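K.L.:
show me how the following folds:
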Amino acid sequence: MVGRALISGVLLAPLVAWVLASLPCQAADRPPGNLALKAKVTTASTGEPYHPQTNGKIERYHRSSEERVNLIAWKTPGGLKAEIARFVVWYNTERYHEGLGNVTPDDVHYDRRESILNRRNALKAKTLARRRRLNHGMPGPKGTDRTEKPSLAPRA
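P.N.:
Sure, this is the predicted structure:
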């Protein structure tokens with residue numbers, strides 16, 4: 001079976017569903033944050049049976065959880081529950097999401113997304129300008145001597 005593990009002869013998938021349903025909702029513990037998220041209307045949608053591409057985001061979430069949680073054969077439900085809780089925290093606070101512009105869901109929730117993207121764009125522009133100067137042999141800012149083209153030969 002793909003994506004399922006055994007705990008003492010019991011399939012893991014029903015246990016994971018039970019553990020996830022019993023976890024407290026972290027969003028209720030948070031202070032009011034991004035008003036744009038609150039203004040969006042969410043509607044439930046279901047996909048075609050046996051056609052996981054129609055629910056791509058939740059399928060990706062399940063794949064991420066299986067990659068991190070199913071690597072170990074858990075001996076107790078308590079250990080599994082603790083690991084799932086750690087996964088949820090990691091997924092929301094540390095994992096960058098491409099669909100959100102490579103920021104975490106917490107960054108979006110706490111309105112840090114725009115400042116992060118602005119800093120990245122400023123750093124990217126600075127880096128590209130520096131590369132252009134170095135590649136074209138143009139002088140750099142005051143105090144630097146970057147008039148010659150860089151060499152790939154090792155320095156002595």
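K.L.:
which parts of the protein belong to which domain?
P.N.:
The domain map for the chain lists 6-99, 112-142, with the assignment taken from automatic domain parsing.
K.L.:
and the shortest one, average pLDDT?
P.N.:
In this case it means domain 112-142. Mean pLDDT, domain 112-142: 88.
K.L.:
out of the domains of the chain, which gets the lowest mean score?
P.N.:
domain 6-99 (a mean of 70).
K.L.:
please, where are all the strands along the protein?
P.N.:
6-7, 10-11 (DSSP state E).
K.L.:
ok, the closest residue to Trp90 other than its chain neighbours - contacts?
P.N.:
Nearest-residue entry for Trp90: Arg68, 7.4 Å, with adjacent residues in sequence omitted and distances by C-beta to C-beta, 6 or more residues apart in numbering. C-betas here are computed from N, CA, C, even on glycine. Arg68 is in contact with 83, 87, 90, counting by C-beta atoms under 8 Å, 6 or more residues apart in numbering.
K.L.:
that'll do, ta.
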